[in-house]
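[1] Sequence and predicted model, in that order:
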Amino acid sequence: MKEFFMQHLPNHMEIDLTGPLRDNAYMILGGLVTPRPIALTTTLDLDGRVNAAPFSFFNVLGDSPPIVGLCPGDRSPGVPKDTARNIRLTQEFVVNLVDENIAEKMNQCAASLPAGENELLHAGLNPLPCSVVKPPRIAESPASLECRCHSILEIGSNRLIIGEVLRVHARDGIFDPHTWLVNPVNYHPIGRMQAPHWYTRTRELFELRRPS
């Protein structure tokens, strides 16, 4: 067992992700680094067919310029998922954020459908046109981010897609247009927890004011 992890202190486990447990990194890190926001990502292929897929290896990375990071894994070793392939070919995508109301439909978009089949139709979600990118946003999403691909960084089998956010669409009542603060009464995103099937709600909030 020592080759898998080392315990140097009482009640402390040290896990070596460069050794035999390297292949378990997804389960270990994906269970610890939670909750993660979910990017229900819409893209188009070169024939104009819509693809929609959820990813929780996702977050906002900066604001000047505003950028987000999305890390879709491979479909199989060396074969990128449709989302990654479409973004590489078209340079555009839309991140549709997920709240409690569309959680089940988001999950339906994760189904392994035949190539070219529209996940939005499968899940009962409706497309709406975007302003500056060709992929559609999702009508039922509380907020959508129109993105242009800035760069793609490949590290091993990881593929980090960095997108510049060009437009934000949000349901009325989410933002205070004077302060641009989100109203937590009207926005209830869900978060991804540990594999394989766990998520969390975000209704129980608490405030910590930063020290002056």
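    Everything's here; your move.

[2] Now the phi/psi pair for the residue nearest the centre of the chain, please.
    In the chain, the residue lying closest to the centroid (CA atoms, centre = their mean) is Ala39, at 2.9 Å. Ala39 adopts backbone torsions of phi -100, psi 100, taken as degrees, to the nearest 10.

[3] wait, isn't it in contact with Pro54?
    Yes. Ala39 is within contact range of Pro54, at 6.9 Å (criterion: CB atoms under 8 Å). To be clear about C-beta, it is placed using only N, CA and C from the backbone, and glycine gets the same treatment.

[4] Where does the prediction get shaky in the protein?
    Where the chain drops to pLDDT under 70, the residues are 1-8.

[5] in this structure, which spans are helices?
    For the chain, the helices defined by DSSP state H occupy 25-32, 82-90, 103-108, 119-123.

[6] What are the buried residues along the first one?
    By neighbour count with 16 or more other CB atoms under 10 Å, helix 25-32 contains the buried residues Gly30.

[7] which other residues reach that helix?
    Outside helix 25-32, the residues that touch it by CB atoms under 8 Å, 6 or more residues apart in numbering are 15, 17, 21, 56, 192-195.

[8] How about the third one?
    Contacts of helix 103-108 from elsewhere in the structure, counted by CB under 8 Å, 6+ apart, are 38, 40, 54, 98, 119, 122-125, 140, 190, 199.

[9] can you list those in a markdown table and add distance to Arg85 and neighbour count?
    Shown next, in a markdown table, are the contacts of helix 103-108 (distance: CB to CB, whole Å; neighbours: other CB atoms under 10 Å):
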| residue | distance to Arg85 | neighbour count |
| --- | --- | --- |
| Ile38 | 21 | 25 |
| Leu40 | 18 | 29 |
| Pro54 | 17 | 21 |
| Val98 | 22 | 28 |
| Glu119 | 15 | 22 |
| His122 | 19 | 14 |
| Ala123 | 21 | 21 |
| Gly124 | 25 | 11 |
| Leu125 | 21 | 23 |
| Glu140 | 25 | 20 |
| Ile190 | 27 | 20 |
| Tyr199 | 27 | 19 |
